[in-house]
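Student: Test case, fold it:
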Amino acid sequence: MIRSLVNDDAGDMSSLHAKSFYTPWSRKDMLSHIKKDLCFGFSRPVDGFIIVSLVEGQAEIITIAVDPNKMRKGIASALLSISETELIDNGADILFLEVAEDNYPALNFYKKKGFEPIGRRPSYYRRAGGRVAAITYRKYLAV
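Tutor: Prediction:
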């Protein structure tokens, strides 16, 4: 079940983000996004979520996370699909995101979903062994 996320979900979102990323976001960070961005979650408790920002017809995926034990079950695809529909309904015609160049599952996922690489930001993400670049992707949304 996909649903809009609410303040009570912030703790679950933070815990899931910590399982998914090198630099986790706090409950307070999640509350801030719930207040200002489009936030959709899968299931209760949250097995996956997406945060998307929309400004002047341009949208950006801020983050998307899926419980590592629930990956490859279509959760990320469902979250992306509902987000794209909501964005189109709200006047967005383009969607951007950045992903670490060493995150091969995400790179493959976005390629399959029709995103195209348009740029590279060197040394953007911090890792235990150093820094890695971010790849910027773009997808034109059907209007």
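Student: switch to C-alpha atoms for all contacts and neighbour counts from now on
Tutor: OK.
Student: average pLDDT across the top helix by length along the chain?
Tutor: If you go by DSSP state H, the chain has its longest helix at helix 75-89. The average pLDDT within helix 75-89 is 96.
Student: Against which helices or strands is that helix packed?
Tutor: With contacts defined as 3 or more CA pairs under 8 Å, 6 or more residues apart in numbering; DSSP states H and E, helix 75-89 has these neighbours: strand 38-42, strand 48-55, strand 58-66.
Student: same thing but at 7 Å, please
Tutor: strand 48-55 (3 or more CA pairs under 7 Å, 6 or more residues apart in numbering; DSSP states H and E).
Student: what packs against the strand it packs on?
Tutor: strand 38-42, strand 58-66, helix 75-89.
Student: And the contacts of the following helix or strand past the longest one?
Tutor: Which is helix 75-89. Heading C-terminal from helix 75-89, the first helix or strand you meet, by DSSP states H and E, is strand 94-100. With CA atoms under 7 Å, 6 or more residues apart in numbering as the contact definition, strand 94-100 has outside contacts at 58-62, 125, 132-141.
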